[in-house]
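Peer 1: Any chance you could fold what I've pasted below:
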Amino acid sequence: MDREHAQESRNKFKIKAFSSAIAAISQVEEPITSGEQAKQIRGVGAGIAERIDNFLNGTEDLLEDDTPETLQLRREETIKRHAHTALQSIPGLGSVSARRLVDQGCLSINQLTDPDQPYFAKLTASQKIGARFHQHLAEKVARQEAAAVLKFIKESLSSQFQLTLVGSYRRNQPTSSDIDILILHPDYVHIPSPTLPNPFAPSSSEEVADVTEIKPKTKLPTPLKSSSSSSAERAASPLLNTIIPTLTTRGFIAATLSSGPRKWQGIVRLPSHEPETSATRKAKTERGEGSFRRLDLNLVPVKSEAAALLALTGDTAFNRDVRRRAGKMGLILNEYGVWRWKENGEQEPSPEVRGAVEGRVESLVLQEEQDPPKRKRGRPRKSPLPQPPTTPPGQPRKSAPSLPTSESKALNGGGFWELVKFPHNSEAEILDLVGMEYVPPEKRNFGFVIGRSGKVEGMG
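Peer 2: Okay, the predicted model is just below:
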């Protein structure tokens, strides 16, 4: 696209096609390994797919005066590029780790998993699990497989547990990269408050991020996943104390990637079509016999069901759009519910205060998405507000919405995030609150968001 821009007689239609394809490909989570794979993405045509193949094959820039030496260098770079892409197909192995391995001489997954090679020992525990099961995890999860996993878990647990398939399955996609299940239990009721600070707490800087600096592909925080948890939280979690031990005993769980009081991620063995005892299943799982898939279990407080369904159903572009609409209204929408700032004293804020709150909360939410805080256990943020991103030289940064002095002092006196209550605790009520009609799960996707308004809200 850069070359086309540089042409004196550039083709605006070709540039638009490039831009649309880039936007569509940027929403795909797994690496693109061929033009044929890219053609399956809406917005990528045959011409762009061919360019992708040429890029991956190292033939996109062949020149007439290339020498045998330069051609050899080009081929070597192509092999490294393919290796870099292939290694990233292993769960938990990102671009930086893959590049480091390639630079050390690892040029294939077979080399990585070869016990006689030094590369496997360099992996983290979760990366070793991903490498061990990479052939299984490379396969897409069929809907009937996800349904079989749900059935097995339901039959293994008490009827008090309520389980729902979410993610791609709930969006009615034919396949998915993993299986996501939402879990409710009547005894699990604690709802954690948002970690975002008081919008009007004093800070070392009253400047906030310019919303135009937020990039469209901002990654949302992983729902229900926290960097730390207290011993009390873990002791009260039916996920850790009932569900995981039960499924482990039944030989269902092959490996654990991460485990917390509200979210478990790992590898499970698909239930067999033939009857099996727990002992038989466990022995086969330990030997690696059968088919294995990635599973996420998400334990949610009962009153958070609607918000969790929204967060866990996706897709990312749809969730980003809905959350930013809430932020523009001075609300926080997360997997636990909708929250509004309530100052102490029960006083009703004036229109000026309400408007300022909306601007401050929107900025806080956008900053939290762009640069999630990295906390060490037991240590609070260094500043009451997230630090704004760097502004390009010569461009002024937007200031926070101002308040009349008396009202500012009143709000700075203290307050809390209050959970908004809905009569029916439904997704439709949440969407209505942020100014959206109900969108069925199968339409919650990037294309729908773009098609509805011409652009994604808050994405520029």
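Peer 1: Any regions of this protein where pLDDT drops low?
Peer 2: 1-15, 18, 25-31, 56-66, 198-221, 226-228, 345-413, 446-460 (pLDDT under 70).
Peer 1: in it, which spans are strands?
Peer 2: 141-142, 162-165, 175-176, 179-184, 253-259, 263-269, 292-299, 331-334, 337-343, 415-419 (DSSP state E).
Peer 1: Which one of those strands lies nearest to residue 41?
Peer 2: Of all these, strand 175-176 sits nearest to residue 41, with 14.2 Å by C-beta to C-beta. No exception for glycine: its C-beta is placed from N, CA and C like everyone else's.
Peer 1: list the buried ones in stretch 289-302?
Peer 2: By neighbour count on 16 or more other C-beta atoms under 10 Å, the buried set for stretch 289-302 is 292, 293, 294, 295, 296, 297, 298, 299, 300, 301.
Peer 1: try stretch 81-100
Peer 2: Neighbour counts over stretch 81-100 (16+ other C-beta under 10 Å) mark 82-93, 97-98 as buried.
Peer 1: what's next to that stretch, contact-wise?
Peer 2: 30-33, 56, 58, 101-102, 106-109, 112, 123-124, 126-127, 129-131, 134, 137-138, 257, 294 (C-beta atoms under 8 Å, 6 or more residues apart in numbering).
Peer 1: What's the end-to-end length of it?
Peer 2: 12 Å (C-alpha to C-alpha, to the nearest Å).
Peer 1: Likewise for stretch 121-130?
Peer 2: 13 Å.
Peer 1: What sits closest to residue 271 if chain neighbours are left out?
Peer 2: Closest residue to residue 271 apart from its sequence neighbours, by C-beta to C-beta, 6 or more residues apart in numbering: residue 152 at 4.5 Å.
Peer 1: do you know how far the one you found is from residue 265?
Peer 2: Residue 152 sits 18 Å away from residue 265, going by C-beta to C-beta, to the nearest Å.
Peer 1: for the closest residue to residue 171 other than its chain neighbours, what are its contacts?
Peer 2: Leaving out its chain neighbours, the residue that sits closest to residue 171 by C-beta to C-beta, 6+ apart is residue 441, at 5.1 Å. Neighbouring residues of residue 441 by C-beta under 8 Å, 6+ apart: 170, 171, 172, 313.
Peer 1: Please report which of these has the highest neighbour count.
Peer 2: Neighbour counts for these peak at residue 313, which has 23 neighbours (criterion: other C-beta atoms under 10 Å).
Peer 1: Tell me how far that residue lies from residue 420.
Peer 2: Applying C-beta to C-beta, the value for residue 313 to residue 420 is 20 Å.
Peer 1: and what of residue 155?
Peer 2: Residue 155 sits at a distance of 36 Å from residue 420 (criterion: C-beta to C-beta).
Peer 1: Of these two, which one has the most company?
Peer 2: residue 420 (16 against 9).
Peer 1: So what pairs up with the nearest residue to that one once chain neighbours are set aside in the strands?
Peer 2: Once flanking residues are discounted, residue 420 sits nearest to residue 338: 4.2 Å by C-beta to C-beta, 6+ apart. Counting by DSSP bridges, residue 338 forms beta bridges with residue 333.
Peer 1: quick one: contacts for residue 338?
Peer 2: 307, 326, 331, 332, 419, 420, 430, 433.
Peer 1: so the fourth one sits right up against residue 193, yeah?
Peer 2: Same thing as residue 332. No. Applying C-beta atoms under 8 Å as the test, residue 332 and residue 193 come out as separate, 9.7 Å apart.
Peer 1: Which one's more surrounded, those two?
Peer 2: Ranked by neighbour count (other C-beta under 10 Å), residue 332 and residue 193 place residue 332 first, with 24 against 13.
Peer 1: what's the neighbour count on the closest residue in space to the more buried one that isn't next to it in sequence?
Peer 2: Closest residue in space to residue 332, ignoring its immediate chain neighbours: residue 339 at 4.3 Å, by C-beta to C-beta, 6+ apart. When neighbours are defined as other C-beta under 10 Å, residue 339 has 23 of them.
Peer 1: Alpha carbons of stretch 151-158, as CSV, please.
Peer 2: Output of stretch 151-158 as CSV, limited to C-alpha atoms (Å, rounded to 0.1, in the frame of the first residue of the first chain):
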residue,chain,number,x,y,z
LYS,A,151,-22.2,-32.5,28.3
PHE,A,152,-19.3,-34.3,30.0
ILE,A,153,-18.7,-31.5,32.5
LYS,A,154,-22.5,-31.2,33.3
GLU,A,155,-22.7,-34.9,34.0
SER,A,156,-19.6,-34.6,36.3
LEU,A,157,-20.9,-31.8,38.5
SER,A,158,-23.8,-31.1,40.7
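Peer 1: Give me the contacts around that stretch.
Peer 2: Under the criterion C-beta under 8 Å, 6+ apart, residues 161, 163, 181, 242, 243, 246, 247, 250, 252, 271 lie in contact with stretch 151-158.
Peer 1: Buried ones in that stretch, by neighbour count?
Peer 2: Applying 16+ other C-beta under 10 Å to stretch 151-158 flags 152, 153, 157 as buried.
Peer 1: before we move on, what about stretch 256-271?
Peer 2: So for stretch 256-271, counting by 16+ other C-beta under 10 Å, buried means 257, 259-271.
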